[in-house]
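Enquirer: have a look at this prediction, sequence included:
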Amino acid sequence: MRPRAVAILLNDHSEVLLMLRRKAGREYATLPGGGIDPGETPAEACAREVLEEVNLVVTVGPLVYRHQGMGNDEHYFHVTYVSGEMRLGDGPEAIRSSEENWYSPQWISVDRLEEVNFVPPELRDVVRGLAG
């Protein structure tokens, strides 16, 4: 199992930050996150991944969900915004981005989660619960 740390970031407009993706001809949306490096805690990895992927500094809150599947062991944290301007960060996503493999961070209304191919789909209910 590959350990991953993932962030659930909501804003004051009941929107969640998603990474819209196109990869191998498939379009979908995920929450920002990625692999946990050796010696790094899941919470540390979560904060680092958010900065790398979407240029935001966050405070990592509680673990709210854990998902094991598709070869991953994913830790989902509720995070809060500290600073930064949301854009595609300077990490590997920006380097790998191309016409066939692109990344686009976007705020999506929690009410519109059914309109995106959200992966994994069971996270919709977790996000809605955090949005209140």
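Expert: Received the coordinates, thanks. Numbering: from 1, shown residues only.

Enquirer: which strand or helix spans A47?
Expert: Here A47, judged by DSSP states H and E, is contained in helix 42-54.

Enquirer: before we move on, what about D73?
Expert: Using DSSP H and E, D73 maps to strand 72-83.

Enquirer: what packs against the helix or strand bottoming out on mean pLDDT in the chain?
Expert: Least confident helix or strand of the chain, by mean pLDDT, DSSP states H and E, is helix 92-96 with a mean of 82. For helix 92-96, the packing partners by 3 or more Cβ pairs under 8 Å, 6 or more residues apart in numbering; DSSP states H and E come out as helix 42-54, strand 102-109. Placement of C-beta: from N, CA and C, glycine included.

Enquirer: among these, which is the most enclosed?
Expert: Among the helices and strands packed on helix 92-96, helix 42-54 has the highest mean neighbour count (mean count of other Cβ atoms under 10 Å), at a mean of 22.

Enquirer: next SSE downstream of that helix?
Expert: Tracing the chain past helix 42-54, the next element assigned as helix or strand by DSSP H and E is strand 57-69.

Enquirer: so for that following strand, mean pLDDT?
Expert: For strand 57-69, the per-residue pLDDT values average out at 95.

Enquirer: that one pairs with which strands?
Expert: If you go by DSSP bridges, strand 57-69 pairs up with strand 72-83 (antiparallel).

Enquirer: any idea how far G91 is from P121?
Expert: Distance of G91 to P121, given as Cβ to Cβ, to the nearest Å: 26 Å.

Enquirer: compare these two (neighbour count), which wins?
Expert: Remark: of G91 and P121, G91 carries more neighbours, 18 against 10, as counted by other Cβ atoms under 10 Å.
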